[in-house]
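[1] Need a 3D model of the sequence below.
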Amino acid sequence: MQAFHTLTSTLTCLNWDGLDNNDLIPKLHAKRIKRAGSGEFLLNNSRYQPGFPRRERPDHLLNHGIASASQILIPGADFALTIDFEQVVWAILDAGYRVVISNQIGEKFKNFALKNGLVALEVSLTDLHQLEKLAGTSQVKVDLEKEQIVMPEASLPFRIGSQAKARYLNGDSEIDLTLAAANQALIDYEAKWNHFYQTK
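    Numbers count the residues shown, from 1 in each chain. Okay, here's the model as predicted:
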């Protein structure tokens, strides 16, 4: 997993409170086993016109160039509270985002995000609305070490678990943690038996 320390970017703000499951990615595409290319299905049902072949809705934010240059997604309040699919995280990452910010994010989504290196941050509802006012106009800096979002004229705190923070900063994947635990177990085992033989 790629380590994360700071990121400076504009914001993509969807202003869609309660965004979840099928609105994020249709169940049909949530069965994908390939991550590459999944970004085109993010917000599929609202992003494209009905029918086949698919045609973009010209007024949808994700179909604008300003959104494609952003790496910070602010979907709205109460995000992904009952999410079922890891593929949602794949789609967000494949669309170019590295950070998601909301006032409340579902635990299962945060676990999927941590597993895949997508940084999920929580702020107060008041601060969320303050960030939404900067949509597409100003750059902000996410500083994970300081747990701050630095705006042009102020800084906002965010919430993140200490274990998740450490994993993002170090770039530790689940495989890395498993290997480290196995290596430590081997070291402890060898130390135990060395002590046993030395005291015989």
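[2] and the most centrally placed residue in the chain, what pLDDT?
    For the chain, the residue nearest the mean C-alpha position is Leu118 (3.0 Å; CA atoms, centre = their mean). At Leu118, the model reports a pLDDT of 98.
[3] Look up how far Leu7 lies from it.
    From Leu118 across to Leu7, the span is 12 Å (CB to CB, to the nearest Å). Just so you know, the C-beta spots here come from the backbone N, C-alpha and C atoms, and that holds for glycine as well.
[4] any shared contact partners between the two?
    Arg98, Val99 (CB atoms under 8 Å, 6 or more residues apart in numbering).
[5] and Val142, helix, strand or coil?
    Look at Val142: counting by DSSP: H, G, I helix; E, B strand; the rest coil, its state is strand.
[6] Need the pLDDT of the residue lying closest to it once chain neighbours are set aside.
    In space, and not counting its chain neighbours, Val142 is closest to Leu7: 4.8 Å by CB to CB, 6 or more residues apart in numbering. In this model, Leu7 is scored at 98, pLDDT.
[7] and Leu7, how many neighbours does it have?
    16 (other CB atoms under 10 Å).
[8] and it, what are its phi and psi?
    phi -150, psi 130 (degrees, to the nearest 10).
[9] didn't it look like it was pressed against Lys141?
    Yes - Leu7 is in contact with Lys141 according to CB atoms under 8 Å; the separation is 7.1 Å.
[10] Would you map the helices across this structure?
    21-24, 44-47, 65-68, 87-94, 107-116, 125-132, 162-170, 174-198 (DSSP state H).
[11] how far off helix 162-170 does the fifth one point, in degrees?
    When axes from the mean of the first three to the mean of the last three CA atoms, to 10 degrees is applied, the directions of helix 107-116 and helix 162-170 differ by 30 degrees.
[12] which intervals of the chain have sub-threshold pLDDT?
    66, 173-200 (pLDDT under 70).
[13] can we see that at 50?
    Within the chain, the segments meeting pLDDT under 50 span 175, 177-181, 189.
[14] So Ala95 sits against Gly39, correct?
    Yes - because the distance of 3.5 Å satisfies CB under 8 Å, Ala95 is recorded as touching Gly39.
[15] Now do the contacts for Thr12.
    Leu61, Leu62, Ala67, Ser70, Ile72, Leu73, Ile74, Tyr97, Ala135, Gly136.
[16] what's the closest of those to Arg47?
    Arg47 lies nearest to Leu62 out of the contacts of Thr12, by CB to CB, at 5.5 Å.
[17] just checking, Val100 touches Gly117?
    No - when contacts are counted by CB under 8 Å, Val100 is not listed as touching Gly117 (11.8 Å).
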